[in-house]
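Chemist: when you get a sec, could you give me coordinates for this:
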Amino acid sequence: MGEIPSIKRRLVQQGVDVIDVGAGDADFPPPEAAIDALARAAADPAMSRYPFQLGLPAFREAAAAYMQRRFGVACDPFAELHPLLGSKEGIAHLAMAVLDRGDVAIVPDPGYPVYHGGTVLAQGEPHLYPITPRSDFLVELDAVPADVLKRTRLVYLNYPNNPTAAIAPRDYLERTVAFCRRHDIVIAYDNPYCEITFDGYVAPSIFEIPGARDVAVEFHSLSKSFCMTGWRLGWAVGRSELVTALSRVKSYVDTGAFLAVQAAGAAVLHDAAAHLAPYVAQFKERRDAMLPALRAQGFEPETPRATMYIWVPLPEGLPSAAFQRRALEEAGVVVMPGSGFGAGGEGFFRVALTVATPRLVEGAARLGKVLAAV
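Modeler: Residues are numbered from 1 along each chain as shown. Okay, the predicted model is just below:
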């Protein structure tokens, strides 16, 4: 996978028309409200001072108000919520806050690589839990071996899921929260795709589940839903002891997100629903065009009810990394191989709905030619 960017760069230099549906980085512009608020704040010299861990109070308050409006979840913006440099760093640093050397973290496989990496950096022991279509891509903790469970301190859950686009039923969340309360396991609930949902599905917060506040830290991001990936802004929310532990780690490794970016974040969160609706409609349009285009080429993806991704099965015996390389070199299409998310992702590749609909359809046609030549 490490060679793919250099191959892409070489092909582009040679004049090849490359369609990149690899990274989850949509081509939509960020909300105008974010740009306007950033410009105003950047002109204020006070916004160029150190943010420290407090950050911009207005951002904390806007994020807390969003949690209340969207999920009915009340939280103290100064004790139970913390600004992040994007949710990715907060997820990694939570492992440092709760794991001691040798403690186990349950890591979904396939899964977002920071779950595994954060655990290793914290000197914890990742226990890879295979999520498969047979179990609807759910992490069932009662299937973890008892000797591993005794040492488990942390579990990473991500629904709507990257890369599989799976969603978690409420009864699953209820029994998982109850399990973690019984076994004193912290849930890192990664929720950046909660607003990118379709067909009437509404993604919950883990804190809508009774008892979750005892054990969970939930991570939100402006990257995906608000198309602000490069701005690096998110937040964590949970009970004060866990949020304080995360803040303590962060105090040694960063001094907070640029205050002007936090001002922009506050601006979009104040009117989140209005900013989100056009993005979600366009993601749905792209999904609804790409699914039949892929199926017409012989692929058999399930219809995702959330995220900006389509998780596509490959024919048995075709390695996903090999397919990725052939797709790029022979067809000029960048996809993400399932193996890039862990060994459990083998046999799949991921398409991100991050380019315009005609380009997606063209990409599907090119991928079909690669499949036919295998």
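Chemist: who's in contact with residue 12?
Modeler: residue 18 (Cβ atoms under 8 Å, 6 or more residues apart in numbering). Heads up, the C-betas are built off the backbone N, CA and C, glycines and all.
Chemist: name the element it belongs to?
Modeler: Counting by DSSP states H and E, the element that carries residue 12 is helix 4-13.
Chemist: just the buried positions in that helix, please.
Modeler: 4, 8, 11 (16 or more other Cβ atoms under 10 Å).
Chemist: next: stretch 197-216.
Modeler: By neighbour count on 16+ other Cβ under 10 Å, the buried set for stretch 197-216 is 197-198, 203-207, 209, 212-213, 215-216.
Chemist: relative to residue 134, which of the residues you listed is nearest.
Modeler: residue 203 (22.7 Å; Cβ to Cβ).
Chemist: contacts only, for the nearest residue to the closest one once chain neighbours are set aside.
Modeler: Distances taken as Cβ to Cβ, 6 or more residues apart in numbering place residue 194 nearest to residue 203, at 4.1 Å, with adjacent residues excluded. Contacts of residue 194 were listed using Cβ under 8 Å, 6+ apart, and they are 70, 160, 203-205, 220, 225.
Chemist: again, but for residue 302
Modeler: 133, 165, 311.
Chemist: and the second one, what's its pLDDT?
Modeler: Put plainly, it is residue 165. Looking at residue 165, its pLDDT reads 98.
Chemist: the first one now?
Modeler: Among the per-residue scores, residue 133 shows a pLDDT of 95.
Chemist: which stretches of the stretch 1-150 of the chain have low pLDDT?
Modeler: Judged by pLDDT under 70, the stretch 1-150 of the chain has its weakly predicted residues at 1-2.
Chemist: cutoff 50 now
Modeler: The stretch 1-150 of the chain contains no residues with pLDDT under 50.
Chemist: mind listing the helices for it?
Modeler: Counting by DSSP state H, counting those that start in this stretch, the stretch 1-150 of the chain has helices at residues 4-13, 32-42, 57-71, 87-98, 113-121, 146-149.
Chemist: reformat these as JSON lines; add distance to residue 266.
Modeler: JSON lines is the format used below for the helices of the stretch 1-150 of the chain (distance: least, Cβ to Cβ, whole Å):
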{"stretch": "helix 4-13", "distance to residue 266": "34"}
{"stretch": "helix 32-42", "distance to residue 266": "7"}
{"stretch": "helix 57-71", "distance to residue 266": "4"}
{"stretch": "helix 87-98", "distance to residue 266": "17"}
{"stretch": "helix 113-121", "distance to residue 266": "25"}
{"stretch": "helix 146-149", "distance to residue 266": "41"}
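Chemist: centroid-nearest residue for this structure?
Modeler: residue 192 (4.9 Å; Cα atoms, centre = their mean).
Chemist: thinking again about what came up before, nearest to residue 35 among the buried residues of helix 4-13?
Modeler: Using Cβ to Cβ, residue 8 comes nearest to residue 35 of those, at 28.6 Å.
Chemist: got a list of what the closest one touches?
Modeler: 18, 20, 328, 334.
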